[in-house]
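Trainee: no sequence for this one, just the structure:
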Ligand SMILES: Cc1ncc(C[n+]2csc(CCOP(=O)(O)OP(=O)(O)O)c2C)c(N)n1
Ligand SMILES: Cc1ncc(C[n+]2csc(CCOP(=O)(O)OP(=O)(O)O)c2C)c(N)n1
Ligand code: SF4
Ligand code: SF4
Ligand SMILES: [Mg+2]
Ligand SMILES: [Mg+2]
């Protein structure tokens, strides 16, 4: 197309009946995704949204883009496959905290090692929403939401610190109800080359009566527990990726911040580094793969005679 | 038994044919385990060794103790089940780095959250030994062992940092060929209440031609790259677990150290904290479970009448 | 009409409290001396989608639902009209399902008129001003807060309205309502009862006189029967069988059972662990089984698919369990998470790669869920293999009326245990005459053993020897034959009805109730049926089944799935093809009418396979 | 004796290089105009356990191994005597397997005397001073380093010694040896050739004259044939079929295929990803399939068990693939990782919970591996479902001799693709006459679709509607019937031999070669057999199979597993029971002699099921 098309957030809205609970924080995350896509003017047909299973898993159905609502805990391998098949797509993986850090923890860890260029958004509500509010892996020891019979006796994991140790190259945290800021994080994540990980604090008014809008948006300092890292002069960026000292310092700084909780909870980008993506590494080995999407290569005319002759 | 029996390392040696390659670092780890058990004088029949699949997975067959050679990547859930069935057992989970950080990564993460009282030893040789030397998750980007066709294009994970973010309460690194020191780490791990995690740098002379004995035991300072954390005054212990500031500082310190590699590689305990174990938490809820092993309870005489009457 | 068999339906958006309303209604019926049977249909959603609950109340027991709905209680418009404006509508509402002369209770404030919508003038339409009535009740009981926070009381209003139509004693209902509000919530009892009385009076005055149906008036039973559903029956049986440890990962419709156990864990020294996924569930359970305790895990299709590797390991290592409860739902893949299907039989039978033994059992009703759940732990211990109990969403959630649950004849048998005998010659996998080797457990002095997922020698160390391999495969697989010989045939299958019949119906699991009632119905047509109910499907009781089927004149398979999995299984083992198949795979259980129609079509028509589905919601 | 059919065996500890030695021997045979067939047996171990390689060389092609070993080349004592001192010995060595008059090459430095050990005086014992000879060769070629570092040259010495016994032209062997050392390793060629010559001369002088067997002398072929094994055949076929993406996680015996593809990825623009586990493998593959490329993954039993949930999703979402290559090995559980079995058929057929379509195909030889691998991608695309190709350890590693591999008649067909048509009405799961909906892929303007593992409407959004559910199940499952009608019957099954025969043998997959040769052998007994070879087992070609089996006089099932899985499958679909079963489940493939014996016993004895196993190692 020769003309410049202007996409607005509305162009990413699917004409589908939404059955999240009224007031669910997921609405905010959905809007932020749509708004980020509009900011970046990515044509809807160039976007693939890939989710696991959960309330969060229904997200693709609400986005006007190629949508894949896969299996519980498997959005990351799916997204990786999709992206490696077609490097011209903007791939967004989305899913719940149970999906991503519980059953999907192995993929969360190992995806961090790969650095394929896509963005992963976790809708972190500290509960298993769709199965009626059991504790998720982000719920801390001793904590009890109204849907639990007893307080959690396992420790909560720290997704940001986990992402650092797994090797993610863009690590951020957003808040579902600050749609504008979240949209800017998602847009930055999409722009980042490599796997971007964004943990989003998501309210679940139905099951999580602790981490509510009221809780987040009240607190000692200026009426909110949440504060923006970038507003404090925090610099998440590794400026010289070849400088091991700087890399470690920035990782350590991110881990340290990630343990802040309670009265002051940071949101924003915790860590960012420019490293070759998986696609870059592949292209080094196989240059054609750096130029064209695999889906566009005609691989049906290969000459295998040399392989056969080698067997004689 | 009324008399005090003295066990020596030999008492933990099974009369089995060992088929590891000559010179395999696993021999050192096996000896260290046996020696730690002897140090602690734990009767062999009170020990259960539980492994995944790999060269490392064969370990239980070589230990004279209850031995469970389970599935690839599943030693941690198995060990958890075993220990929760019988709190009178000393449970040692062992396995490879592929087993633990690759296919088992999800269990590695989620076991850290539980803090069940057992010890997990990873035989980390940076390769998939038993399947002939493919890159394991600990092999870094750009690295190529002799058994690989091309250098790794994925980043290596950092097991120590991962363990910190997952919530392990005892985190250490050993070296397979320093058996004495390793034995002391394992003994400390067993003594520690909660899940102890020990990553062991293990040489695989057959497939890993980079991280060899020669490599580890040469280096800029006093003939070795390895140095002991405790010899440097490093204090891994959280002295006041209720002090959130100290906890985070100690975690951050551990993460920082965990990124040292190359010319100076720390071994020893990176982090330790005394927290209630899973068993403690259970016993708080259900006191009898704090007193007797579940396997010793007679649960076959329950009176379910009140449950039935509640349905009327 | 003097019909005692009444079906009552309440519908409304998910999360609006219809479960409690329906259960309150059902309990009131029990107090009125009636017997109830119920079923709920709901979406995989937390709030807003259409869900509905049917309660069948009669002077006798029923074990299947009827489509002859006599009263619909609509909490919203969708219950009546469906969602016709969706691109692909989910359903067309329940209005057209109401039996001739039936009643419709709905919100008088609704903008739509049901009579205009369906054009039927045989129905009794009862618009009830839900909110208005709620306000009155609040005023009368001194509740001052906003009406919105009390909206759920409208359910009570709607139910009470329906009770008036059905000429039921409101005081029984009020009794149940009061019992439902205890502790902090006690003050709500008065409000609800007040609201119920208002609604009851309102409807009684205006619509009840002309209504054709009523709930039968029976004496209040001396001892109230139980209202029990499968998730609870299984939970109770597990506790009774000595369960020490349950692992689970949340998944519909399996979660209910674990939640029930969790709620009762404290009082029964039970350990319930919510794992990080189903692979962890099965492996933790296998670890605990080897550890020496009775252990189980509960899941449904997707989780079961993930458990296969662990099941194979349990069988390979001759672990005494675990017992896996597979609560089936609509498949494949995520499928229809909250709907009904019997489609996991084949996977349960071949639950992993390679060849290994396991027992697969499928109870058909409350009594059998208790027996089979209990015995499964005995089998796991005796035969040292995993057991899969096939249950389903329908069994889990349908309430049946039961006077007593007894454990008569059910005794704990932990199988062959090794005991310290002073000799130092223990071999965990010793070859024995029966194929069962005495088992020790970690912690026992002298009982040290090894086990591996690799093929192993009698000591439990890896072997690749050809001769040992054959012997150990024979030992392992041979235990299936042993189980088949030892477990009483009456536990393996049942032939209900006369030995000599015109038609033999064949089925398994939760269709039992529907089939038994269909037999009665066909008997009224003059057709004598019997029913071969399969319970243990692995090891398969080939001879007994073949004998019954060879004697049968005509055979009809009934399955709540697409492909007739039991029919294929029977042919696999016996070579016998069943003559006709009646299947249903719309994600709902058979209704009485569907099955009757299916059987009639199957027996009179040309088609060998008849698929039925009447439901629109 | 003037026998042209020679079986040669080399044994030694794992990791001592017997593969290269055996392959060098085999290649030399090819240069000598012979045809070879080979098999390796090894432990799940890196170094030290006993492994051995058999090569059958003849003037004609063989497709099965023989137990009539004419020469054993022992690199260590265990090869001859086994490990009798173990508590549960793994094997009893190969000495007693040698045919009358056969030869034994062994290390003269060994402390044991084979003749004394086995007491046979019909064998030709050739003690060869391996180390001594190595030293001489080193001296002669100016190699000075420690002997220990050159120990592997002893293999060359041993093989050359055996060639002398067999009166084979050493220069052909030398040629292959030289070709094996290129680049940096070229200087080793001279050493090896020198060593070979020494050993050859040594044995020729002392023992060869009296030896009864020799490799036939044939003209060197104008064009050397290929020595091809299954892992390579499959790899080449995948490349030719347009594979874009392969995922894998290392596991025996599947890894070889992926390693082959990895080695050739660069030159063929192929992407091979080593994943973190098999769940990642299958889901990455499904993602890529929806992404629009041809994709496959390869695994064996344990990995396959973990892939089921992903396979169900692929089928539910009508993804065009992936194609899953299931390289079977000894089960269950971890089982016998490096051994042979055909025991994953049943799981492949029901590869997940619930009911969903898939195609299951099992090639029986090189040609069929190429055809089926290639066509599987067409089927995945045409029918939008996953395809499982059942192969096994034996097919993977056994070398066959093949003159040419052609792709005649194999054409790429990507199925029904959606094209932008200016209209805005694309429905990914549109109901069509055939049940196939044209597919678009992400990136296509106008082609936006949704897909979910839940049940869905034509647009791909979740639905729980009863009527839609039925339609979409019918659509999805109906594609199986379509595939059954469209795929040529000749691809689905084959009847080898005369239509009219005394006995019909029935089998699938890798037993094909053994069965075909057994037919020849039985023909010599005067028994006319034919062979029903099943290739596509899902959708099952019921009518064709029933027709053949109904015509058959006697039927014998042959399977390399315990329970006769195909036999059960046939009965499941046709009701027909096969008369006799010959099974083998010791973790090794059938030898010619075992199968012949099994068939004779099955046809003459009482037992309906005959299990065979001759091997001791
Ligand atoms: C293999 C498997 N196990 C379990 C489930 C059941 N299940 C559906 S959603 C869900 C948890 C959802 O929690 P989370 O990922 O936090 O998402 P949320 O609903 O909170 O957005 C579970 C356990 C499933 N679909 N598949
Ligand atoms: C589910 C499954 N996938 C794959 C395998 C094959 N396998 C056996 S060992 C192994 C890797 C072993 O590597 P590691 O865990 O590092 O142990 P090591 O051999 O190096 O000690 C693999 C992939 C398996 N046994 N099970
Ligand atoms: S349950 Fe919670 S997460 Fe799910 S839709 Fe409702 S509010 Fe949102
Ligand atoms: S392959 Fe490596 S890890 Fe395995 S036994 Fe040999 S040396 Fe040890
Ligand atoms: Mg959640
Ligand atoms: Mg390793």
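Mentor: Yep, that arrived. Everything quoted here is computed from the prediction, not taken from an experiment. Ligands and ions are numbered 1, 2, ... in the order given.

Trainee: Please name the residues that touch the closest residue to ligand 2 within the stretch 451-600 of chain C.
Mentor: In the stretch 451-600 of chain C, the residue that lies nearest ligand 2 is residue C:453 (8.1 Å; C-beta to the nearest ligand atom). Where C-beta positions appear, they are placed from N, C-alpha and C, glycine not excepted. Neighbour list for residue C:453: B:53, B:69-71, C:312-313, C:316-317, D:333-335 [criterion: C-beta atoms under 8 Å, 6 or more residues apart in numbering or on different chains].

Trainee: Contacting ligand 2 as well, which ones from the residues you listed?
Mentor: B:53, D:334 (C-beta under 6 Å from any ligand atom).

Trainee: Now for residue 175, how many residues are close by?
Mentor: Answering for chain A, as no chain was given. 27 (other C-beta atoms under 10 Å in any protein chain shown).

Trainee: that's the wrong chain, I wanted chain C
Mentor: Neighbours of residue C:175 under the rule other C-beta under 10 Å: 15.

Trainee: same thing with residue A:272?
Mentor: Residues within reach of residue A:272, counting by other C-beta under 10 Å, total 21.

Trainee: Tell me what residue C:611 is bridged to.
Mentor: When bridges are called by DSSP bridges, residue C:611 pairs up with residue C:583.

Trainee: Please identify which helix or strand holds the closest residue to residue C:53 other than its chain neighbours.
Mentor: Excluding its sequence neighbours, the residue lying closest to residue C:53 (C-beta to C-beta, 6 or more residues apart in numbering or on different chains) is residue C:22, at 3.7 Å. Element membership for residue C:22, per DSSP states H and E: helix C:18-31.

Trainee: ditto for residue A:107
Mentor: Assigning secondary structure by DSSP H and E places residue A:107 in helix A:105-112.

Trainee: Could you check how many residues crowd around residue C:100?
Mentor: Applying other C-beta under 10 Å, I find that residue C:100 has 11 neighbouring residues.

Trainee: Quickly note the distance from it to ligand 1.
Mentor: 42 Å (C-beta to the nearest ligand atom, to the nearest Å).

Trainee: Grab the nearest non-local neighbour of that residue.
Mentor: Counting by C-beta to C-beta, 6+ apart, the nearest residue to residue C:100 once its immediate chain neighbours are dropped is residue C:122, at 4.9 Å.

Trainee: Now the helix or strand of chain A with the lowest mean pLDDT: buried residues?
Mentor: The helix or strand of chain A with the poorest confidence is helix A:288-291; it has a mean of 83 (mean pLDDT, DSSP states H and E). Using 16 or more other C-beta atoms under 10 Å in any protein chain shown as the test for burial, helix A:288-291 gives residue A:289.

Trainee: ok so, going back, residues contacting the residue nearest to residue C:53?
Mentor: Contacts of residue C:22 by C-beta under 8 Å, 6+ apart are C:10, C:38, C:40, C:53, C:55.

Trainee: just to revisit the earlier point, show me what the least confident helix or strand of chain A packs onto, helices and strands only.
Mentor: Packing partners of helix A:288-291 (3 or more C-beta pairs under 8 Å, 6 or more residues apart in numbering or on different chains; DSSP states H and E): helix A:278-285.

Trainee: Not counting the helix it packs on itself, show me its contacts.
Mentor: By C-beta under 8 Å, 6+ apart, helix A:278-285 touches A:84, A:87, A:114-117, A:193, A:276, A:289-291, B:141, B:150, B:153-154, D:266, D:271.

Trainee: one more time with 10 Å
Mentor: With contacts defined as C-beta atoms under 10 Å, 6 or more residues apart in numbering or on different chains, helix A:278-285 is touched by A:80, A:83-84, A:87, A:113-117, A:193-195, A:275-277, A:288-291, A:294, B:141-142, B:150-155, D:265-266, D:271, D:273.

Trainee: Could you pick out the buried ones from these?
Mentor: Neighbour-count burial (16+ other C-beta under 10 Å) is assigned, among the contacts of helix A:278-285, to A:80, A:83-84, A:87, A:113-117, A:194-195, A:275-277, A:289, A:294, B:141, B:151-155, D:265, D:271, D:273.

Trainee: Show me the contacts of residue C:453 that map onto strands.
Mentor: Applying DSSP state E to the contacts of residue C:453, the entries found in strands are residue B:69.

Trainee: Relative to chain A, which of the contacts of residue C:453 is nearest.
Mentor: Chain A has its nearest neighbour among the contacts of residue C:453 in residue B:71, at 14.1 Å by C-beta to the nearest C-beta.

Trainee: Backbone dihedrals for that closest one, please?
Mentor: phi -110, psi 160 (degrees, to the nearest 10).

Trainee: neighbours around it, how many?
Mentor: Residue B:71 has 31 neighbouring residues, counting by other C-beta under 10 Å.

Trainee: same deal with residue C:529?
Mentor: Residues near residue C:529, counting by other C-beta under 10 Å, number 25.

Trainee: What's opposite it in the beta bridge?
Mentor: The partner residues for residue C:529, given DSSP bridges, come to residue C:503.

Trainee: what about it, distance to residue C:498?
Mentor: Taking C-beta to C-beta, to the nearest Å as the measure, residue C:529 falls 9 Å from residue C:498.

Trainee: Quick check: pLDDT value at residue 41.
Mentor: Since you didn't name a chain, this refers to chain A. Looking at residue A:41, its pLDDT reads 97.

Trainee: To clarify, I was referring to chain C.
Mentor: pLDDT, residue C:41: 96.

Trainee: With residue A:1 instead?
Mentor: For residue A:1, the model assigns a pLDDT of 43.

Trainee: Near ligand 1, which residues of the stretch 1-150 of chain A are found?
Mentor: Those residues of the stretch 1-150 of chain A that sit near ligand 1, judged by C-beta under 6 Å from any ligand atom, are A:53-56, A:72, A:96-99, A:123, A:125, A:127-131, A:136.

Trainee: still on that earlier bit, pull the contacting residues for the residue nearest to residue C:100.
Mentor: With C-beta under 10 Å, 6+ apart, residue C:122 has these contacts: C:98-102, C:212.

Trainee: Please, where are all the helices along the stretch 301-450 of chain C?
Mentor: C:301-316, C:345-349, C:366-383, C:393-397 (DSSP state H, counting those that start in this stretch).

Trainee: Format those helices as a markdown table; extra columns: mean neighbour count, distance to residue B:232 and mean pLDDT.
Mentor: Formatted as a markdown table, those follow (neighbours: other C-beta atoms under 10 Å in any protein chain shown; distance: least, C-beta to C-beta, whole Å; pLDDT from 0 to 100):
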| stretch | mean neighbour count | distance to residue B:232 | mean pLDDT |
| --- | --- | --- | --- |
| helix C:301-316 | 29 | 44 | 98 |
| helix C:345-349 | 24 | 56 | 98 |
| helix C:366-383 | 24 | 53 | 98 |
| helix C:393-397 | 28 | 59 | 98 |
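
Trainee: circling back to that earlier point, between residue C:529 and residue C:498, what contacts are shared?
Mentor: Residues touching both residue C:529 and residue C:498 (C-beta under 10 Å, 6+ apart) are residue C:519.

Trainee: Residue A:181 belongs to a strand?
Mentor: No - applying DSSP: H, G, I helix; E, B strand; the rest coil, one finds residue A:181 to be helix, outside a strand.

Trainee: Make sure residue C:262 is actually in contact with residue B:286.
Mentor: No - contact criterion C-beta atoms under 10 Å: residue C:262 and residue B:286 do not qualify, at 11.9 Å.

Trainee: Fine, thanks again, bye for now.
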